[in-house]
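**Q** build me a model from this:
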Amino acid sequence: MPTEPRAEGATLSADTRWLTPDEQRAWGTYIRLAKMLMRQLDRDLHPFGLSTNDYEILVELSEAPEIRLRMTELADLTAQSRSRLSHQITRMEAKGLVRREGCDGDKRGTFAVITPRGQAIIERVAPSHVDSVRQHFIDQVCPEHLKVLTDAYEPVLNRLRKVRDRD
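**A** Reported below is the predicted structural model:
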């Protein structure tokens, strides 16, 4: 993760605020942590036949009113493109975890609905997943630092949501 342009022909901009060594270290640590943590959580879900994307979708649906969400809302909640979510739901339908339903009064709208099989799987997997999250993240950070992390990341997340909503 270079702090300066490395590509041939790249030009320096007087307006570019290059990362300081401390900023670069924080950024690099965050990127590596996010990738390694998600890889580990995915590994821990694999014996259940789920990916982290599957699990996240099942959680959102299981917690939703009437255990269903419009596909557009589910895409927003899971930070996926509509197209990517559609492919993911197709794979999950093949496993019997979810189904699609049309929206009454809106022919273009579609709901994703958790099936009884999907509900049973999320109930069986959730304790193991929570243990994994706790083991690999929560228990590695003291409560004071968890609050600091939350306070630091929420404004970034909120800004990214606003940027996404403009697109």
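
**Q** only C-alpha atoms from now on, for both contacts and neighbour counts.
**A** Will do.

**Q** report the buried residues of the lowest-mean-pLDDT helix or strand in the chain.
**A** Ranked by mean pLDDT, DSSP states H and E, the weakest helix or strand in the chain is strand 106-114, scoring a mean of 86. Taking 16 or more other Cα atoms under 10 Å as the neighbour-count basis, strand 106-114 is seen to contain the buried residues 110-114.

**Q** same list (these) but as TSV, adding distance to residue 71.
**A** Listed next are these as TSV, based on distance: Cα to Cα, whole Å:
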residue	distance to residue 71
110	6
111	5
112	6
113	10
114	12
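
**Q** so which of these comes closest to residue 41?
**A** Nearest to residue 41 among the buried residues of strand 106-114: residue 114, at 21.7 Å, using Cα to Cα.

**Q** before we move on, the earlier item: for the least confident helix or strand of the chain, packing partners?
**A** The criterion is 3 or more Cα pairs under 8 Å, 6 or more residues apart in numbering; DSSP states H and E, and the helices and strands that strand 106-114 contacts are helix 52-63, strand 68-70, helix 71-77, strand 98-103.

**Q** so what strands line up beside that strand?
**A** Sheet pairing of strand 106-114 (DSSP bridges) gives strand 68-70 (antiparallel), strand 98-103 (antiparallel).

**Q** ok so, going back, quick one: closest of the helices and strands packed on strand 106-114 to residue 22.
**A** Proximity to residue 22, assessed across the helices and strands packed on strand 106-114 by Cα to Cα, is greatest for helix 52-63 (31.1 Å).

**Q** send the alpha carbons of the closest one over as PDB?
**A** Extracted in PDB, the C-alpha atoms of helix 52-63 (Å, rounded to 0.1, in the frame of the first residue of the first chain):
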ATOM      1  CA  THR A  52     -20.100 -15.100   5.700                       C
ATOM      2  CA  ASN A  53     -22.300 -13.600   3.000                       C
ATOM      3  CA  ASP A  54     -24.900 -16.400   3.500                       C
ATOM      4  CA  TYR A  55     -24.800 -15.900   7.200                       C
ATOM      5  CA  GLU A  56     -25.200 -12.200   7.100                       C
ATOM      6  CA  ILE A  57     -28.200 -12.500   4.800                       C
ATOM      7  CA  LEU A  58     -29.800 -15.100   7.000                       C
ATOM      8  CA  VAL A  59     -29.300 -12.900  10.100                       C
ATOM      9  CA  GLU A  60     -30.800  -9.900   8.400                       C
ATOM     10  CA  LEU A  61     -33.800 -11.900   7.200                       C
ATOM     11  CA  SER A  62     -34.300 -13.800  10.500                       C
ATOM     12  CA  GLU A  63     -34.400 -10.400  12.400                       C
END
